[in-house]
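Novice: predicted model, plus sequence, below.
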Amino acid sequence: MAFTIKMARAAVEKFNAVIEEKKEYLTDLDSAIGDADHGINMNRGMKRIIDKIQGKDYADFGGLFRDVAMTIMSVVGGSAGPLYGTFFMKLGQKLAGQGEVSVEEFAAAMGDGLSGVMSLGKSAVGDKTMVDAIDPAINALKEHAPEGDAAAWDAAVAAAEGGMKGTIPMLARRGRSSYLGERSIGHQDPGATSSYYLVSCLRDAFAEG
Amino acid sequence: MKKLINNIDDVVTESLAGMWAAHPDLIKVISEYSVVARADAPKPKVAVISGGGSGHEPMHGGFVGYGMLDAACAGAIFTSPTLEQVYEGAKATNGGKGVLFLVKNYTGDVMNFQMAADMLKADGVEVEQVVVNDDVAVKDSTWTAGRRGVGGTVIIEKLIGAYAQAGASLAEVKELAERVNANVRSMGMALTSCVPPAAGKPIFDLPDDEIELGIGIHGEPGRERVKQKTSAEIVEYMASAVVSDLPFKEGDEVLAFVNGMGGTPLIELFVVYNDLKKFLDGKGITIARNLVGNYITSLDMQGCSITLLKLDSQTKALWDYPVHTPALRWGR
């Protein structure tokens, strides 16, 4: 089964709902190693995205993800705004003109998005950032695609969750948590956590068809 | 937690509206983008623009006016402004001689200002960006986001604003901003945490008898947490770190800036300044200019920071240059 524009839209709506539900948890995680604003900022941005896309009909991923990206970049600020904005912008550019793609094609587009994030944030796998949740999810999508799309998406969620939890013992090397040095160890990264939610929203939207 | 607010979501916009209402002769607020701009918008001169998360008042909006900033972009509390705010703020105040961004070194601030600069360049606007990173508490390495911009930002905004007001070119103000940044060092400490309105609780837990040394301005934890010490001991710890970093040497003339974090009364800040004066006297370092007060704060945090700038004849003259903003005023 292909990944469709309808699913992408549902995933954005689900992401908004999850961020709303988890905003305090994300803010608590960010209090421990950052500046206590990740949940609040993402919540403000996602609410604005829902306002923006409501009532609009999107024929292709390009239009939808461009609106998502531009709204996040205009509303969210901080580092989350440019980073998530870049992710969705590149995702949309890769999938422009299409309304239905295979899981491999979607994974490749997520790879483009991740490259944009890594280049803007000068980050690598293992720096205790959102990259640590998204990178394993993409690898799992590609690796498990031959087993069927549903299995691939489930594997991606498990991998993103593993990546998110894997940030706990890491030493932060980017963003505000890097100021803590050794004291950043033992805390889960808030950006990796919101990115895990994004992957699981994509899977849930796919599963619901 | 008790706060003098109406709605959490309206704190920044209502505070900006209040500052505008109090100082309409100096500033105006471009409400749609939460940008504070000079009321008189003089042209042509280099537009000096800064901005950052809110919660550090009077920085940056309180420094907009004659001889200092042309615009300040106010982000949400402790969150950098968006690239859209920065872009619109720059477009509104560009006087045709170019735009200089003074950016505190935080990942989000640097990204948003950089992306706005790229957009402005695409529009044909001349833009330069200087990143302020004066906090000696942070190890500067490729493995961290680098040193934070703290108290030195206030000094740089004053000096560069004066230079631009006096007619310096974009290349000249950029060169001076980099030189001042290279000669200014700071360190801060907290007696208490702070409470962002949206979080409603302290950003970190600090036991009653402990203090945090090397704190940032967003409640980011610092170098180490120790038992309460005297002002003289705290000053010795922070000033030693600052002096040895540049290093400042016997015979140097400095600007000494004792800054309150927002919740500390002036009576304590002057105790700190007294200890700092004694410490520097002991090292043969002369305080030629000073600033004491709450200028770059962290909401309601109790604590202070110490900033030293090595002065020369040019920076001394620019410090003395007339300034008239909501938060700093002399000579005019």
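Specialist: Thanks, I have it. Residues are numbered from 1 along each chain as shown, chains lettered A, B, ... in the order given.
Novice: let me know the pLDDT of the residue of chain A positioned farthest from its centre.
Specialist: Residue farthest from the centre of chain A, counting by Cα atoms, centre = their mean, is A:E182 at 26.3 Å. pLDDT for A:E182: 84.
Novice: one more: the one 5 residues further on?
Specialist: A:H187 is assigned a pLDDT of 95 by the prediction.
Novice: please identify the helix or strand for A:K22.
Specialist: helix A:5-33 (DSSP states H and E).
Novice: right, and the helix or strand after that helix?
Specialist: Under the assignment DSSP H and E, the closest C-terminal helix or strand after helix A:5-33 is helix A:38-53.
Novice: now do the contacts for the residue farthest from the centre of chain A.
Specialist: The contact partners of A:E182, by Cβ atoms under 8 Å, 6 or more residues apart in numbering or on different chains, come to A:L171. Every residue, glycine included, has its C-beta placed from N, CA and C.
Novice: you'd agree it is in a helix?
Specialist: Yes. Assessed with DSSP: H, G, I helix; E, B strand; the rest coil, A:E182 lies in a helix.
Novice: got the buried residues for stretch A:176-189?
Specialist: A:R176, A:S177, A:S178, A:Y179, A:L180, A:G181, A:R183, A:S184, A:H187, A:Q188, A:D189 (16 or more other Cβ atoms under 10 Å in any protein chain shown).
Novice: let's have those in TSV, adding distance to A:V131.
Specialist: TSV is the format used below for the buried residues of stretch A:176-189 (distance: Cβ to Cβ, whole Å):
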residue	distance to A:V131
A:R176	16
A:S177	14
A:S178	14
A:Y179	19
A:L180	18
A:G181	20
A:R183	21
A:S184	15
A:H187	17
A:Q188	14
A:D189	10
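Novice: and which of these is nearest to A:G81?
Specialist: Ranked by distance to A:G81 (Cβ to Cβ), the buried residues of stretch A:176-189 are led by A:R176 at 14.4 Å.
Novice: can you list the residues of the stretch 51-200 of chain B near chain A?
Specialist: Counting by Cβ under 8 Å from any Cβ of the partner chain, the residues of the stretch 51-200 of chain B close to chain A are B:53, B:75-85, B:106-108, B:111-112, B:115, B:138-139, B:143-145, B:148, B:196, B:198-199.
Novice: could you redo the last one with a cut-off of 6 Å?
Specialist: Applying Cβ under 6 Å from any Cβ of the partner chain, we find that the stretch 51-200 of chain B lies next to chain A at B:75, B:78-84, B:107-108, B:111, B:138, B:143-145, B:196, B:198-199.
Novice: quick check: PyMOL command selecting the buried ones in those.
Specialist: Buried members of those, defined by 16+ other Cβ under 10 Å, are picked up in PyMOL with:
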select buried, chain B and resi 75+78+79+80+81+82+83+84+107+108+111+138+144+145+196+198+199
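Novice: can you report phi and psi for the residue lying closest to B:N105 once chain neighbours are set aside?
Specialist: Leaving aside its chain neighbours, B:N105 sits nearest to B:N133 (4.0 Å; criterion: Cβ to Cβ, 6 or more residues apart in numbering or on different chains). The phi and psi values for B:N133, taken as degrees, to the nearest 10, are phi -150, psi 80.
Novice: any idea how far A:C201 is from B:N133?
Specialist: 37 Å (Cβ to Cβ, to the nearest Å).
Novice: can you map out the helices along the stretch 201-332 of chain B?
Specialist: B:231-245, B:266-283, B:313-320 (DSSP state H, counting those that start in this stretch).
Novice: in a markdown table: these, plus distance to chain A.
Specialist: Listed next are these as a markdown table, based on distance: least, Cβ to the nearest Cβ, whole Å:
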| stretch | distance to chain A |
| --- | --- |
| helix B:231-245 | 15 |
| helix B:266-283 | 23 |
| helix B:313-320 | 28 |
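Novice: if you compare these, which one is most tucked away?
Specialist: helix B:231-245 (a mean of 19; mean count of other Cβ atoms under 10 Å in any protein chain shown).
Novice: with adjacent residues omitted, what lies nearest to A:I49?
Specialist: Nearest one to A:I49, counting by Cβ to Cβ, 6+ apart, is A:T71 at 4.7 Å.
Novice: likewise for B:G161?
Specialist: Counting by Cβ to Cβ, 6+ apart, the residue nearest B:G161 is B:M68, at 3.5 Å.
Novice: give me the phi and psi for the one you found.
Specialist: phi -140, psi -120.
Novice: I'd say it and B:P322 touch.
Specialist: No. With contacts counted by Cβ atoms under 6 Å, B:M68 stays clear of B:P322, the gap being 10.2 Å.
Novice: so the two - more neighbours on which side?
Specialist: More crowded of B:M68 and B:P322, by other Cβ atoms under 10 Å in any protein chain shown: B:M68, with 30 against 13.
Novice: do stretch A:26-39 and chain B meet?
Specialist: Yes. Judged by Cβ under 6 Å from any Cβ, stretch A:26-39 comes into contact with chain B at A:T27, A:S31, A:D35, A:A36, A:D37.
Novice: out of these, which one has the weakest pLDDT?
Specialist: Lowest pLDDT among the residues of stretch A:26-39 next to chain B: A:D35, 76.
Novice: what's the closest non-adjacent residue to that residue?
Specialist: Nearest one to A:D35, counting by Cβ to Cβ, 6+ apart, is B:H218 at 4.1 Å.
Novice: that neighbour contacts B:S80, correct?
Specialist: No. B:H218 lies out of contact with B:S80 (Cβ under 6 Å); the separation is 10.6 Å.
Novice: got any residues that touch both of the two?
Specialist: Here B:H218 and B:S80 have no joint contacts, going by Cβ atoms under 6 Å, 6 or more residues apart in numbering or on different chains.
Novice: quick one: the helices in chain A, in order.
Specialist: For chain A, the helices defined by DSSP state H cover A:5-33, A:38-53, A:61-75, A:80-94, A:103-121, A:131-144, A:149-166, A:190-208.
Novice: turn those into JSON lines, columns for mean neighbour count.
Specialist: Output for those, formatted as JSON lines (neighbours: other Cβ atoms under 10 Å in any protein chain shown):
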{"stretch": "helix A:5-33", "mean neighbour count": "20"}
{"stretch": "helix A:38-53", "mean neighbour count": "22"}
{"stretch": "helix A:61-75", "mean neighbour count": "22"}
{"stretch": "helix A:80-94", "mean neighbour count": "25"}
{"stretch": "helix A:103-121", "mean neighbour count": "20"}
{"stretch": "helix A:131-144", "mean neighbour count": "23"}
{"stretch": "helix A:149-166", "mean neighbour count": "21"}
{"stretch": "helix A:190-208", "mean neighbour count": "23"}
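Novice: against B:Y87, how distant is B:L16?
Specialist: Taken as Cβ to Cβ, the span from B:L16 to B:Y87 is 18 Å.
Novice: for B:A22, the count of nearby residues, please.
Specialist: Neighbours of B:A22 under the rule other Cβ under 10 Å: 11.
Novice: any idea how far it is from chain A?
Specialist: 26 Å (Cβ to the nearest Cβ, to the nearest Å).
Novice: which residues does stretch A:113-128 contact?
Specialist: By Cβ under 6 Å, 6+ apart, the list of residues contacting stretch A:113-128 reads A:83, A:86-87, A:90-91, A:129, A:131, A:134-135, A:167, A:170, A:172-174, A:189.
Novice: which among those are in contact with chain B?
Specialist: With Cβ under 6 Å from any Cβ as the criterion, the subset of these in contact with chain B comprises A:R173.
Novice: of the contacts of stretch A:113-128, which is the nearest to chain B?
Specialist: Within those, proximity to chain B (Cβ to the nearest Cβ) peaks at A:R173, which comes in at 4.9 Å.
Novice: bridging residues for the closest residue to B:A171 other than its chain neighbours?
Specialist: Leaving aside its chain neighbours, B:A171 sits nearest to B:E128 (7.9 Å; criterion: Cβ to Cβ, 6+ apart). On the basis of DSSP bridges, B:E128 is bridged to B:L100.
Novice: what's B:E128 in contact with, if anything?
Specialist: Contacts of B:E128 (Cβ under 6 Å, 6+ apart): B:L100, B:L170, B:K174.
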